[in-house]
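> this one's sequence-less:
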């Protein structure tokens, strides 16, 4: 019995050569100027946010997210325990009035942070204490 052979694709083949890339997917990729397997291999994301580095909460400062021109420079990753959450404001009726907001407090061994989700009443169950 012969072993199945693995076909190595020529990277200059059309993108539709790849399994799972049909005509509809190929049309979407054409908008990104991806025509060949080579183009796909050389298509890099427009930006990269490294979320692997976890910051202790004590290192954060007020106004951290104030740079609107380069917001990615202010992004941080924190890990903590939810110690409190509450809905503030009344539910909107018929699209009138300010939306509810969800206020969540996180704590780690070094400090705590408060998070506010505007219009975030539906997220209440995503943040349980403990």
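Arrived safely. All of these numbers come straight from a predicted model, not from anything done at the bench. Numbering: from 1, shown residues only.
> Residue 105 bridge partners, please.
For residue 105, the beta-bridge partners are residue 84, residue 114 (DSSP bridges).
> For residue 128, see how far away the residue nearest to the spatial centre of the chain is.
The chain has residue 49 as the residue nearest its centroid, 9.0 Å off, counting by CA atoms, centre = their mean. Remark: distance between residue 49 and residue 128 (CB to CB, to the nearest Å) = 26 Å. Glycine gets a C-beta too; all of them are placed from N, C-alpha and C.
> Please parse this protein into its domains.
With domains defined by the TED database, the chain comprises 1-44, 57-126.
> how far out from the middle of the chain is the first one?
Same thing as domain 1-44. 26 Å (CA atoms, centre = their mean, to the nearest Å).
> hang on, the earlier thing: and the domains of the chain, which one is worst for confidence?
When those are ranked by mean pLDDT, domain 57-126 comes last with a mean of 80.
> could you pull out the helices for this protein?
Shown for the chain, the helices assigned by DSSP state H span residues 23-31, 37-41.
> got those helices as a markdown table, with mean neighbour count and distance to residue 10 columns?
Shown next, in a markdown table, are the helices of the chain (neighbours: other CB atoms under 10 Å; distance: least, CB to CB, whole Å):
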| stretch | mean neighbour count | distance to residue 10 |
| --- | --- | --- |
| helix 23-31 | 11 | 17 |
| helix 37-41 | 15 | 8 |
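> Please name whichever of the ones you listed is nearest to residue 13.
helix 37-41 (5.3 Å; CB to CB).
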